[in-house]
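> 3D model of this:
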Amino acid sequence: MNEKLQESAQYLRCCSAIEIEAFKLYQTLAKKFNQPESSFILGLAYDSLKSTKLIQGVMDYFDLPELQPITCKKNLSELANEVSLLSNKISKINNLSYELSVEILKECINLEDLLSEDYTNYLNSAAPKMITDEFSKVFTVNLGNFKKVLEAMVEEKTQHRQIIIEIIYWFEAKQAENLRQITPIVKYQNPDSWIHESTLHAFTSAPAQAGTEP
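As a prediction, the model looks like this:
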């Protein structure tokens, strides 16, 4: 296998390693939430596991599991480590407060954004063509179809982002209701001042960390 082709396949393998850590993160987080939030988070976990299985199917052809250790670009290896650390921290928390739950979910949004960016960088590079050209030596494969698989993974990350945002809205609504129940009923000159402001505005406007082209 030539060096460029090996790098292209290795990039996907590194993305798979991040997806595995994401699966562990969401699985751990789901255990800390009540229904229905836990079911939605568990769904994200199995989506990440599915992505790993898809990538592993490509890796099996290149026999890359024999290459140890995995050598990933800095941004990919750092992201995998950060997700693993976050998962370990969550596992040690007995009861997640509202504030901490929201902060963790924001980190999950960032994770989905970065993974989407990594797959997009891969799609926009010469890597998919190199992969399909190699496959074509053994069986008929279409570059467009291979790209559609990767594009579907990017779209799934967008869906994950929206699901997590909806969970945050749900937590905020419950928190607002809890505060309403414990707040004395009094007439106020400016009732609008009690409207609960979303915690998402600053986070969602922040640009995702720049990725590195494979």
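
> doesn't residue 78 make contact with residue 118?
No: under the criterion of Cβ atoms under 8 Å, residue 118 is not in contact with residue 78, lying 11.9 Å apart. To be clear about C-beta, it is placed using only N, CA and C from the backbone, and glycine gets the same treatment.

> So the two - more neighbours on which side?
Between residue 118 and residue 78, counted using other Cβ atoms under 10 Å, residue 118 has the larger neighbour count: 27 against 12.

> Can you give me the buried ones in the helix or strand residue 121 falls within?
Using DSSP states H and E, residue 121 maps to helix 98-123. Buried residues in helix 98-123, counted by 16 or more other Cβ atoms under 10 Å: 101-102, 104-123.

> again with stretch 24-38
Across stretch 24-38, burial judged by 16+ other Cβ under 10 Å covers 24, 25, 26, 27, 28, 29, 30, 32, 33, 37.

> cool, stretch 126-134 as well?
By neighbour count on 16+ other Cβ under 10 Å, the buried set for stretch 126-134 is 127, 128, 130, 131, 132, 134.

> what's the distance between residue 179 and residue 148?
Separation of residue 179 from residue 148 (Cβ to Cβ, to the nearest Å): 47 Å.

> let me redo that: residue 122
Look at residue 122 and residue 148: by Cβ to Cβ, they are 14 Å apart.

> Show me what secondary structure element comes after the helix holding residue 121.
Toward the C-terminus, helix 98-123 is succeeded by helix 127-135 as the next helix or strand (DSSP H and E).

> wait, residue 115 sits on residue 158?
No: under the criterion of Cβ under 8 Å, residue 115 makes no contact with residue 158, lying 10.6 Å away.

> Show me where this protein has its helices.
Assigned helices in the chain, in chain order: 3-30, 37-62, 74-91, 98-123, 127-135, 143-182, 200-204 (criterion: DSSP state H).

> Comparing those, which yields the minimum mean pLDDT?
Within the helices of the chain, confidence is poorest for helix 200-204, with a mean of 39 (mean pLDDT).
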